[in-house]
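J.: Sequence and predicted model, in that order:
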Amino acid sequence: MCTTCGCGNREMSHEEMHRRGIAHGHEIAVEQDILSENNRVARQNRNRWNLAGCMAVNMVSSPGSGKTTLLERTIEMLGDKGFRRIAVIEGDQQTENDAGRIRRLGIPAIQINTHNGCHLDARMVASAFDELQIKDSLLFIENVGNLVCPAMFDLGESLRVVLLSVTEGDDKPLKYPYMFAGADICVINKIDLLPYVDSDLSRLKENARKVNGQLRFFALSSTRGTGLDEWCDYLLNVLAGKEER
Ligand SMILES: Nc1nc2c(ncn2[C@@H]2O[C@H](COP(=O)(O)OP(=O)(O)OP(=O)(O)O)[C@@H](O)[C@H]2O)c(=O)[nH]1
Ligand SMILES: [Mg+2]
């Protein structure tokens, strides 16, 4: 049970909660209130971003799978391809590190620190968007590194991208299904490390398809650049309306 966001295990039975000594009933009502309020603000975000001509991409993954590295390389490659209208909202419990990495590339970035919170919510990104004052842009939102709670919080994004690095193991889609079930795209990162780990790329995809048959995959190495071209062309095509998301 996550006590900071109230995102409890919905599938745990009443008896199981008693057996584990987990308080319940009131918590479930609070969780439903939190999520429906979040969904309301997420709908507002979606409308506002559409009106401003912004497309938001919510990047979710466990800590360290390479979200910021992928963003850095993506920003550089999109710039080489002539697209520079990009802004980033960064979510971490502490530090300005990731926003600093993005700003060094000349791209506006707002850092949100969630302190004891384990995910971004729609209200947090709404005020960061106000601060950015952007229009006609690609807005990347890097969520807090966590393969569980961010799955439950719609931010108003057009595209949700789940990253999984090969070092995390090919069984992760089965163990953390909600994150994969709610995503549009699965980026498999750090494929340069495949020779050194037991992860199997086709087994990973097969496991991810078991929880979400609609997922689209990009396998890449953010540090070596393998697969980045295809990923960036996909983003540009979605922006241009040439490709379904
Ligand atoms: N070998 C290899 N290392 C990578 C790759 N992508 C990222 N890394 C490394 O993985 C580590 C974590 O990368 P970050 O980009 O900071 O990961 P993150 O997901 O943003 O981490 P949090 O924001 O803390 O959740 C760094 O040491 C990166 O250099 C990759 O494709 N291959
Ligand atoms: Mg990061």
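T.: Now that the structure is in, tell me what you want to look at. Small disclaimer: the values here were computed from a predicted structure and weren't measured. Residues are numbered from 1 along each chain as shown. Ligands and ions are numbered 1, 2, ... in the order given.

J.: Those residues of the chain touching ligand 1, which are they?
T.: 61, 63-69, 92, 98, 145, 189-190, 192-193, 221-223 (Cβ under 6 Å from any ligand atom). Any C-beta I mention is one placed from the backbone N, CA and C, and that applies to glycine too.

J.: These, buried ones only, as a ChimeraX selection?
T.: Provided next is the ChimeraX selection string for whichever of the residues of the chain next to ligand 1 are buried by 16 or more other Cβ atoms under 10 Å:
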select :61,65,66,67,68,69,92,98,145,189,190,221,222
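
J.: Show me which positions of the helix ranked longest in the chain end up buried.
T.: Identified as the longest helix of the chain according to DSSP state H is helix 26-51. Using 16+ other Cβ under 10 Å as the test for burial, helix 26-51 gives 31, 34-35, 38, 41-42, 45-46, 49.

J.: Which entries in those are shared with the contacts of ligand 2?
T.: Taking Cβ under 5 Å from the ion as the test, ligand 2 is in contact with none of the buried residues of helix 26-51.

J.: would you list those residues in JSON lines and tack on pLDDT?
T.: Formatted as JSON lines, the buried residues of helix 26-51 follow (pLDDT from 0 to 100):
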{"residue": "E31", "pLDDT": "74"}
{"residue": "I34", "pLDDT": "86"}
{"residue": "L35", "pLDDT": "92"}
{"residue": "N38", "pLDDT": "96"}
{"residue": "V41", "pLDDT": "98"}
{"residue": "A42", "pLDDT": "98"}
{"residue": "N45", "pLDDT": "98"}
{"residue": "R46", "pLDDT": "98"}
{"residue": "W49", "pLDDT": "98"}
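
J.: Among those, find me the one that's closest to F140.
T.: W49 (12.5 Å; Cβ to Cβ).

J.: my guess is that closest one contacts M55, does it?
T.: Yes. Contact criterion Cβ atoms under 8 Å: W49 and M55 qualify, at 7.3 Å.

J.: Can you pull the residues that touch both of the two?
T.: 139, 158 (Cβ atoms under 8 Å, 6 or more residues apart in numbering).
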